[in-house]
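Q: fold the stuff below for me.
(2 chains)
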Amino acid sequence: MGKDSRLILDPLTDDNPITIQVLGICSALAITAQLKASLVMAISVIFVLGIGNVVISLMRNIIPSKIRIIVQLTVVAALVIIVDQVLKAFSYQLSKELGAFIGLIITNCIIMGRFEAFALGNGPWRSFLDGIGNALGYGVILIIVGFFRELLGSGTLFGFPVLGDPIAKTGLYSTGYENNGFMLLAPMALIVVGIIIWVQRSRNKALIED
Amino acid sequence: MGLKQNLHNFRQKNKDKKWLPAFSAIHTFLFLPNETTHNGTHIKAADDLKRTMNTVIMAMVPCLIFGMFNAGYQHHLAFGEITQATGGFFSSEFWTMDNFLVGFWKVIPLVIVSYVVGLAIEILFAIKNSHEVEEGYLVTGMLVPLIVPIDTPLWMLAVAVAFGVVIGKEVFGGTGMNILNPALTIRAFLFFAYPTWMSGDKVWVHGADPRVQDIAAGATPDVISGETILGSLAQNKGVGYEIMDMFYGLIPGSVGETSTLLILLGGLFLIFAKIGSWRIMLSSVLGALVMGLIFNGVVDAGWIGESSKFHGLMSTTFWHHLLIGGFAFGTVFMATDPVTASQTNKGKWIYGFLIGFISIMIRVFNPAYPEGVMLAILLMNVFAPTIDHYVVQGNVKKRMKRVKAKVA
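A: Numbers count the residues shown, from 1 in each chain, chains lettered A, B, ... in the order given. Now for the predicted structure:
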């Protein structure tokens, strides 16, 4: 069990897909301006990667290695379409906000990376844990970035104004505070991810590579 | 045993203390440390890093003092309390104590906040990494108050300085290792984070924003126009300033960048002191003139009509671009930053030329952000190492050919 639990815990900390392997950066920059979108994206990736890893793992002995990329793409595309349709059906507004980025989960390097690196060589249960773990590691970073960007950029969290009303100048805004528009732009997401990487590596020096 | 020896002994005694870098920073700033070599043959030069930095600051002081006068002058002018100074740079209406005091009390807090926050972060990082505090912030700390609008809230400046020093400099390893000019990183942060405070027609004149609200509330039947020249040109509006006023700097703008005359003097001083690179200054002026001429040509050829939103800035006489906006200031004091500029002579020509060229291009084609110099310099900062690489490689290739020719 110790070995299995590491499959989930490692990606959350010392083997994080975003901060250590530097994968999946694209979507981490694009959709983290709002915490809600970050959360939905995280859940979607947890679903796709968890199920996808199991499916690939079950088929691992019958996939001819020459066409394995195509097979992997088909699996992930099918799962992404399910996510997309569910979102459209139950949360149309959010699906419009996330736009193409749900579809682009297909090209998220973390997913193909785990299929290739783990699911093709391990059993379904371990693959499932690995998929959930990596997607959680991805989601945690997304939510941290989304939290800071939405709080400092729009003064809200999940759309609720937590710092007061910027137009009526209530709460913190009455002291002259203003939202930081830079936080809503993608470059700032890159800088926030960079700061997370910085903090993580200065806490655990073993992660620093030359 | 003089004071110098005592201080030296004090330093030796406390060698392993955590706070020593903080002490050394102040010590070496005020005194020549007792650690110079005493024997053998050495190349001696009077310019250490601190001397270099101080020279740049000296070149900027006229701009700073002029900025204080100008801030007061623009303030009183906008409020209708005085009339336009007719004699230009030498008119007594401009150099009044009243003008100076208004500006002084607005500019000094900007300088203090810039230095206190910046140096605090420098010392913090120096103590944490236990190395000496480097002098790099001396110039940055003086540049920052000169390139922001007069009414910038102090907390915004503090946030921006913290961001600029940490992300622009310390993460790369401190002074001398940074890729981007820290002062411009700070300016860019302010620009993108708080655009309403960094552009428009209300921020360049002290007190304009509350005044506009008063007028809107019906206080007095009075108007206020604090638009910069670039701003009004970008909106295809005419310019109400004389060319000589632009040159002397009696125009609204960031604190220290309005007076082309004083910047020119500062630039000549830097060239004379061999600190600023004349190649970069000259080539960026050339680049700006070439781009300005191209745009003038486009307008003359009739490819762009009066109705085009680019017409105002495109039809500006090409050499006027040198006088308006922050072009002169950026070229003299920021493009020449020895850390972030190209190092090779040929590279400096390319680097400077592209800064001028791109500045005017951004100015014209991005009316929302008419000040392109900041973005142009930041962009070229990123490319400076690439330019140097190809210049050096080109030289290596040329010499290799020579060697081969000799062998054959």
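Q: alpha carbons only for contacts and neighbour counts from here, please
A: Noted.
Q: and chain A, which residues reach chain B?
A: Contact residues, chain A versus chain B (C-alpha under 8 Å from any C-alpha of the partner chain): A:Glu178, A:Asn179, A:Asn180, A:Gly181, A:Phe182, A:Met183.
Q: emit the PyMOL select command for whichever of the residues you listed are buried.
A: This is how PyMOL selects the buried members of these, with burial counted by 16 or more other C-alpha atoms under 10 Å in any protein chain shown:
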select buried, chain A and resi 178+179+180+181+182+183
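Q: let's have the residues of chain A next to chain B in JSON lines, adding distance to B:Glu242 and secondary structure.
A: As requested, these are exported to JSON lines (distance: C-alpha to C-alpha, whole Å; DSSP: H, G, I helix; E, B strand; the rest coil):
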{"residue": "A:Glu178", "distance to B:Glu242": "37", "secondary structure": "coil"}
{"residue": "A:Asn179", "distance to B:Glu242": "38", "secondary structure": "coil"}
{"residue": "A:Asn180", "distance to B:Glu242": "37", "secondary structure": "coil"}
{"residue": "A:Gly181", "distance to B:Glu242": "36", "secondary structure": "helix"}
{"residue": "A:Phe182", "distance to B:Glu242": "36", "secondary structure": "helix"}
{"residue": "A:Met183", "distance to B:Glu242": "40", "secondary structure": "helix"}
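Q: among the residues of chain A next to chain B, which one lies nearest to B:Gly103?
A: A:Glu178 (24.8 Å; C-alpha to C-alpha).
Q: excluding its backbone neighbours, what's nearest the closest one?
A: Nearest residue to A:Glu178 in three dimensions, chain neighbours excluded: A:Pro166, at 7.3 Å (C-alpha to C-alpha, 6 or more residues apart in numbering or on different chains).
Q: any chance of the residues of chain A next to chain B in CSV, plus pLDDT?
A: Listed next are the residues of chain A next to chain B as CSV, based on pLDDT from 0 to 100:
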residue, pLDDT
A:Glu178, 83
A:Asn179, 85
A:Asn180, 86
A:Gly181, 85
A:Phe182, 87
A:Met183, 88
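Q: what's the strand or helix carrying B:Gly287 packed up against?
A: Element membership of B:Gly287 [criterion: DSSP states H and E] is helix B:278-300. Judged by 3 or more C-alpha pairs under 8 Å, 6 or more residues apart in numbering or on different chains; DSSP states H and E, helix B:278-300 is in contact with helix B:311-314, helix B:345-365.
Q: of those, which is nearest B:Ile108?
A: Judging the helices and strands packed on helix B:278-300 by C-alpha to C-alpha, what sits closest to B:Ile108 is helix B:345-365, at 29.6 Å.
Q: helix B:278-300 and the closest one, what's the angle between them?
A: Relative orientation of helix B:345-365 and helix B:278-300, computed by axes from the mean of the first three to the mean of the last three C-alpha atoms, to 10 degrees: 30 degrees.
Q: and the contacts of helix B:345-365?
A: Around helix B:345-365, the neighbours that count as contacts under C-alpha atoms under 8 Å, 6 or more residues apart in numbering or on different chains are B:234, B:279-292, B:310, B:313-314, B:321, B:327, B:335, B:341-342, B:369-377, B:380, B:384, B:387-388, B:391.
Q: just the buried ones from the residues you listed, in PyMOL syntax?
A: PyMOL command restricting those to the buried ones, with burial defined by 16+ other C-alpha under 10 Å:
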select buried, chain B and resi 234+279+280+281+282+283+284+285+286+287+288+289+290+291+292+310+313+314+321+327+335+341+342+369+370+371+372+373+374+375+376+377+380+384+387+388+391
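Q: over to B:Asp16: give its phi and psi.
A: phi -100, psi 10 (degrees, to the nearest 10).
Q: what's the burial count for it?
A: 10 (other C-alpha atoms under 10 Å in any protein chain shown).
Q: confidence score at it?
A: pLDDT, B:Asp16: 73.
Q: what's near enough to touch it?
A: Here B:Asp16 is in contact with no residues (criterion: C-alpha under 8 Å, 6+ apart).
Q: again with the one 5 residues further on
A: With contact taken as C-alpha under 8 Å, 6+ apart, B:Pro21 is in contact with B:Ile123, B:Ala126, B:Ile127, B:Ser130, B:His131, B:Glu132, B:Val133.
Q: hmm, try it at 10 Å
A: Counting by C-alpha atoms under 10 Å, 6 or more residues apart in numbering or on different chains, B:Pro21 touches B:11, B:15, B:27, B:123-134.
Q: over to B:Leu293?
A: Neighbour list for B:Leu293: B:Gly287, B:Val299, B:Met314, B:Ser315, B:Thr316, B:Thr317, B:Phe318, B:Trp319 [criterion: C-alpha under 10 Å, 6+ apart].
Q: give me the neighbour count for B:Leu7.
A: The number of residues near B:Leu7, taken as other C-alpha under 10 Å, comes to 16.
Q: which strands and helices lie in contact with the lowest-mean-pLDDT helix or strand in chain A?
A: Among the helices and strands of chain A, helix A:2-12 carries the lowest confidence by mean pLDDT, DSSP states H and E, at a mean of 79. Under the contact definition 3 or more C-alpha pairs under 10 Å, 6 or more residues apart in numbering or on different chains; DSSP states H and E, helix A:2-12 sits against helix A:124-154.
Q: list the buried residues in the helix it packs on.
A: Going by neighbour count (16+ other C-alpha under 10 Å), the buried part of helix A:124-154 is A:124, A:126-154.
Q: where does the stretch 101-250 of chain B dip in pLDDT?
A: B:200-202, B:208-227, B:229, B:231-232, B:234-240 (pLDDT under 70).
Q: tell me which parts of it are close to chain A?
A: Counting by C-alpha under 10 Å from any C-alpha of the partner chain, the residues of the stretch 101-250 of chain B lying close to chain A are B:153, B:155-156, B:167, B:171, B:188-196.
Q: among these, name the ones in helices.
A: Mapping these onto helices (DSSP state H) picks out B:Trp155, B:Met156, B:Ile167, B:Ala188, B:Phe189, B:Leu190, B:Phe191, B:Phe192, B:Ala193, B:Pro195, B:Thr196.
Q: which parts of the stretch 301-408 of chain B are strands?
A: Assignment of strands within the stretch 301-408 of chain B using DSSP state E, counting those that start in this stretch yields no ranges at all.
Q: top of the contacts of B:Pro21 by neighbour count?
A: Result: B:Val133 is most packed of these (other C-alpha under 10 Å), 24 neighbours.
Q: quick one: that residue and B:Gly118 touch, right?
A: No - the criterion here is C-alpha atoms under 10 Å, and B:Val133 misses it with B:Gly118 at 11.7 Å.
Q: now do the shared contacts for the two.
A: Joint contacts of B:Val133 and B:Gly118 (C-alpha under 10 Å, 6+ apart) are B:Leu124.
Q: wait, what's in contact with residue 65?
A: Using chain A here. A:Val71, A:Leu120 are the contacts of A:Ser65 under C-alpha under 10 Å, 6+ apart.
Q: wrong chain, I was asking about chain B
A: B:Ile65 sits in contact with B:Ala71, B:Phe100, B:Gly103, B:Phe104, B:Val107, B:Val255, B:Gly256, where contact means C-alpha under 10 Å, 6+ apart.
Q: neighbours of the closest residue to B:Val111 other than its chain neighbours, just the number please.
A: Leaving aside its chain neighbours, B:Val111 sits nearest to B:Pro145 (5.5 Å; criterion: C-alpha to C-alpha, 6+ apart). Neighbourhood size, B:Pro145 [other C-alpha under 10 Å]: 28.
Q: for B:Pro145, grab phi and psi.
A: Backbone geometry at B:Pro145, expressed as degrees, to the nearest 10, gives phi -60, psi -20.
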